[in-house]
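A.B. asks: Fold the following, please.
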Amino acid sequence: MATGYAELGNEMVSAANGIDYAYRDTGGGEGAVPLVLLQHFRGNLDNWDPALIDALAPGRRVVTFDNTGVGGSTGTTPDTVEQMARDAIAFLTAMQITQADILGFSIGSFVAQQIALVRPAIMRRLVLASSAPQGAADMHGWASEVVGAIGTPNTTPEAYLDVFFTQSASSRQAGQQALRRMYARTEGRDQATTWVTREAQYDAVCTWGIPDHALLERLSALQMPVFVANGDSDPMILPRYSYLLAGLIPHAQVKIYPDSAHGFLFQHHAEFAADINAFLTSS
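C.D. replies: Residues are numbered from 1 along each chain as shown. Predicted coordinates:
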């Protein structure tokens, strides 16, 4: 019987940059290009919804990992997206992954964009979930209610639900179900992210969001197919940035999921996985 994401063991790989990376590796599909996932702000291996990973894994290898200083990985979390991208490339090299499809979520989507720009040969296709381009207006940090919910030393499930899901009964229920799936694992959990990681990641987010219209032009260099997605009520990275991204990237398509917020990919995990599968296998 195949092992689901919630039962996977935590593995480690040593990279040439001196970092030991924690990761999980699942799925099949011999010969298929692996799908590598880049996690959200303060997230670790356990903050991926197992239902989403299990829906993505049939037919392809799916790899999740903690970047430098995050969760079970060693080192100190850098405070720039540029260095996070270099560290992610070091992980891929250590894993002997010479080409990948990459799904970046939230800050992970910033890192994914940077990888696509500095090492385009490694990336076949790109999925940007809850994303914004560097230099976009009104992206310099998050709204105070968002920071108050998920940027404090001790966050709560209710605060998480307020940012990742809407106030509707159906979205709230989906959020509670996603949390139960994420916390069903009781043994072999990943290490929690530290406050040092939180501070470094938020510095990187703020720097990425310094308004600079000229930086938007960078995305015209991307030549790989790109799928941009978000929830229609995301308070953290507004869905208008999805349309901006899709307009700046030559070969991009965009989809906004209804009655959902930052965690749309967990709320609509079956639909999102089906959309990704269709995107990654399209000609």
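
A.B. asks: and residue 166, that one's in a helix?
C.D. replies: No. If the criterion is DSSP: H, G, I helix; E, B strand; the rest coil, then residue 166 is coil and not within a helix.

A.B. asks: Could you tell me how many residues sit around it?
C.D. replies: Around residue 166 there are 24 other residues, counting by other CB atoms under 10 Å. Every C-beta, even on glycine, is put in place using the N, C-alpha and C of the backbone.

A.B. asks: for residue 165, same thing?
C.D. replies: 27.

A.B. asks: Ramachandran angles for it?
C.D. replies: phi -140, psi 160 (degrees, to the nearest 10).

A.B. asks: My understanding was that it contacts residue 260; is that so?
C.D. replies: Yes. When contacts are counted by CB atoms under 8 Å, residue 165 is listed as touching residue 260 (7.0 Å).

A.B. asks: Need the overlap of contacts for these two.
C.D. replies: By the contact definition CB atoms under 8 Å, 6 or more residues apart in numbering, residue 165 and residue 260 are jointly contacted by 171, 267.

A.B. asks: For the helix or strand bottoming out on mean pLDDT in the chain, what is the distance to the chain centroid?
C.D. replies: Here the helix or strand of the chain ranked lowest by mean pLDDT, DSSP states H and E is helix 144-150, holding a mean of 81. Distance of helix 144-150 from its chain centroid, counting by CA atoms, centre = their mean, to the nearest Å, is 19 Å.

A.B. asks: quick one: buried residues of it?
C.D. replies: Going by neighbour count (16 or more other CB atoms under 10 Å), the buried part of helix 144-150 is 146, 149, 150.

A.B. asks: So what touches it?
C.D. replies: Helix 144-150 is contacted from outside by 41, 42, 141, 155, 159, 160, 162, 163, 235, 236, using CB under 8 Å, 6+ apart.

A.B. asks: which among those residues gets closest to residue 178?
C.D. replies: Residue 178 lies nearest to residue 160 out of these, by CB to CB, at 9.6 Å.

A.B. asks: helix or strand right after the strand or helix carrying that closest one?
C.D. replies: Following DSSP states H and E, one finds residue 160 within helix 157-164. Counting by DSSP H and E, the next helix or strand C-terminal to helix 157-164 is helix 169-183.

A.B. asks: residue ranges with poor pLDDT in the stretch 51-200 of the chain?
C.D. replies: Within the stretch 51-200 of the chain, no range satisfies pLDDT under 70.

A.B. asks: in it, which spans are helices?
C.D. replies: 81-94, 107-118, 144-150, 157-164, 169-183, 195-208 (DSSP state H, counting those that start in this stretch).

A.B. asks: Can you tell me how far the residue nearest to the spatial centre of the chain is from residue 137?
C.D. replies: Nearest to the centroid of the C-alpha atoms of the chain, with distances taken as CA atoms, centre = their mean, sits residue 105, at 2.3 Å. Going from residue 105 to residue 137 by CB to CB, to the nearest Å gives 22 Å.
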